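Engineer: Take this sequence and fold it.
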Amino acid sequence: MTLVDRIRSWAHELNRDALAMWIAARSPQTPLLAKLVAAAVAAYAFSPIDLIPDFIPILGLVDDVIIVPLGIELALRLIPADLMAQYRAEAEEWSRQPKSWVGAAVIVLLWLAGIALVSWIMLRVD
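Structural biologist: Numbers count the residues shown, from 1 in each chain. Okay, the predicted model is just below:
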């Protein structure tokens, strides 16, 4: 396996585990402390706001490469192995489902409409 293949595999596992954290946080079977940690990890992993913004060269991506895996590792220690296997299987199933391009297009159109409205308001203020 080449280095690129190993990085892709690691990124896929990281993405799957982040989704599994979101599933774990919502499951009534997850212990409370594990649920809180899993919710925090999932929120950070899927949030567009980072501690160090991604546009800062190198450092912007390093926080994601360090914080998310460490958070997942902590949550893995708190979530029973049999539950985590179930959450990972669920996350794999979700990631295989087709993506909604129509939903994505609607969101993009809403953002564009919002930007156009703000621009129009700002131009009229003059």
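Engineer: how about the worst-scoring helix or strand of the chain on mean pLDDT: buried residues?
Structural biologist: Least confident helix or strand of the chain, by mean pLDDT, DSSP states H and E, is helix 101-125 with a mean of 84. Neighbour-count burial for helix 101-125, counted by 16 or more other CB atoms under 10 Å, picks out no residue. (C-beta placed from N, C-alpha, C; glycine too.)
Engineer: gap between that helix and the chain center?
Structural biologist: Mean C-alpha position of helix 101-125 versus that of the full chain (CA atoms, centre = their mean, to the nearest Å) differs by 24 Å.
Engineer: Stretch 31-45 now?
Structural biologist: For stretch 31-45, the distance to the chain centre is 12 Å (CA atoms, centre = their mean).
Engineer: Strands of this protein, start to end?
Structural biologist: Ranges of strands within the chain: none, based on DSSP state E.
Engineer: In it, where is pLDDT below threshold?
Structural biologist: Scanning the chain for pLDDT under 70 picks out the ranges 97-100, 126.
Engineer: As a check, name the ranges of all helices in it.
Structural biologist: 3-26, 32-46, 59-78, 81-96, 101-125 (DSSP state H).
Engineer: quick one: contacts for the most centrally placed residue in the chain?
Structural biologist: Central residue of the chain (CA atoms, centre = their mean): Phe46, 2.7 Å from the mean position. Applying CB atoms under 8 Å, 6 or more residues apart in numbering to Phe46 gives the contacts 18, 22.
Engineer: re the thing from before, so which of the helices of the chain is the most packed in?
Structural biologist: helix 32-46 (a mean of 19; mean count of other CB atoms under 10 Å).
Engineer: That one versus helix 59-78: what angle between them?
Structural biologist: Counting by axes from the mean of the first three to the mean of the last three CA atoms, to 10 degrees, helix 32-46 points 160 degrees away from the direction of helix 59-78.
Engineer: Kindly export helix 32-46 (C-alpha atoms) in PDB.
Structural biologist: Once non-C-alpha atoms are left out, helix 32-46 reads as follows in PDB (Å, rounded to 0.1, in the frame of the first residue of the first chain):
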ATOM      1  CA  LEU A  32     -23.300  10.200  29.500                       C
ATOM      2  CA  LEU A  33     -19.600  11.200  29.600                       C
ATOM      3  CA  ALA A  34     -18.900   9.400  26.300                       C
ATOM      4  CA  LYS A  35     -22.000  11.100  24.800                       C
ATOM      5  CA  LEU A  36     -20.700  14.600  25.800                       C
ATOM      6  CA  VAL A  37     -17.200  13.900  24.400                       C
ATOM      7  CA  ALA A  38     -18.600  12.400  21.200                       C
ATOM      8  CA  ALA A  39     -20.900  15.400  20.800                       C
ATOM      9  CA  ALA A  40     -18.000  17.800  21.200                       C
ATOM     10  CA  VAL A  41     -15.800  15.800  18.700                       C
ATOM     11  CA  ALA A  42     -18.600  15.600  16.100                       C
ATOM     12  CA  ALA A  43     -19.400  19.300  16.500                       C
ATOM     13  CA  TYR A  44     -15.800  20.300  16.100                       C
ATOM     14  CA  ALA A  45     -15.200  17.900  13.200                       C
ATOM     15  CA  PHE A  46     -18.300  19.100  11.200                       C
END
